[in-house]
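[1] predicted coordinates and the sequence they were generated for:
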Amino acid sequence: MLVNEAVGTGRSAGDIDQIRRALKSRYDELTVEYDEAMVQSQVLRLVEIGDTAGDDQADSGTKTAERDTAQSLLRAILDRRAQFEHALHRLDEGTYGWCEGCGTSIPVERLEIFPAATTCVSCKQSRERRAA
Ligand SMILES: [Zn+2]
């Protein structure tokens, strides 16, 4: 089978379809989460604009913290969604399931837990060490 040869990890076309669906549905979930978080952060902003007049320092500090939390949540969702997008792209390319760092195949058990993983555990750890 052509697809099998292209992917080379012993997965059938049916498996690939299943992985694609799983990645896509997680991607869509993250899109919904993002939209919801976006609405939340806009509500926070409107509340902030609406009643800044009578605020003391402590109140506006809390609001800034809430807004920062909303912003970092939005960023985190976008990051995660980008990982799924990347994984889908690799699936199309036929490189899904192969480590981007060392080129070995990523254990199926790892992909089951982290379907968007693009590196094996040891490459992930060495990347994190470099980033730290
Ligand atoms: Zn690796």
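    Structure's in. What do you need?

[2] give me the element the residue at minimal distance from the centre of the chain is part of.
    Central residue of the chain (Cα atoms, centre = their mean): R80, 1.2 Å from the mean position. Assessed by DSSP states H and E, R80 sits inside helix 57-93.

[3] what does this protein put close to the ion?
    By the rule Cβ under 5 Å from the ion, the part of the chain lying against the ion is C99, G101, C102, C120, C123. Backbone N, C-alpha and C define where each C-beta goes, glycine included.

[4] follow-up on the earlier one: would you mind pulling up the elements that the helix or strand that comes right after the helix holding R80 packs against?
    Note on helix 57-93: by DSSP H and E, the next helix or strand toward the C-terminus is helix 108-113. Contact here means 3 or more Cβ pairs under 8 Å, 6 or more residues apart in numbering; DSSP states H and E; on that basis helix 108-113 packs against no helix or strand.

[5] re the thing from before, residues contacting the residue nearest to the centre of the chain?
    Counting by Cβ atoms under 8 Å, 6 or more residues apart in numbering, R80 makes contact with L30, A116.

[6] let's see 10 Å
    For R80, the contacting residues are R26, Y27, E29, L30, E33, Y34, A116, by Cβ atoms under 10 Å, 6 or more residues apart in numbering.

[7] just name the closest of these to the ion, please.
    The ion has its nearest neighbour among the contacts of R80 in A116, at 15.3 Å by Cβ to the ion.
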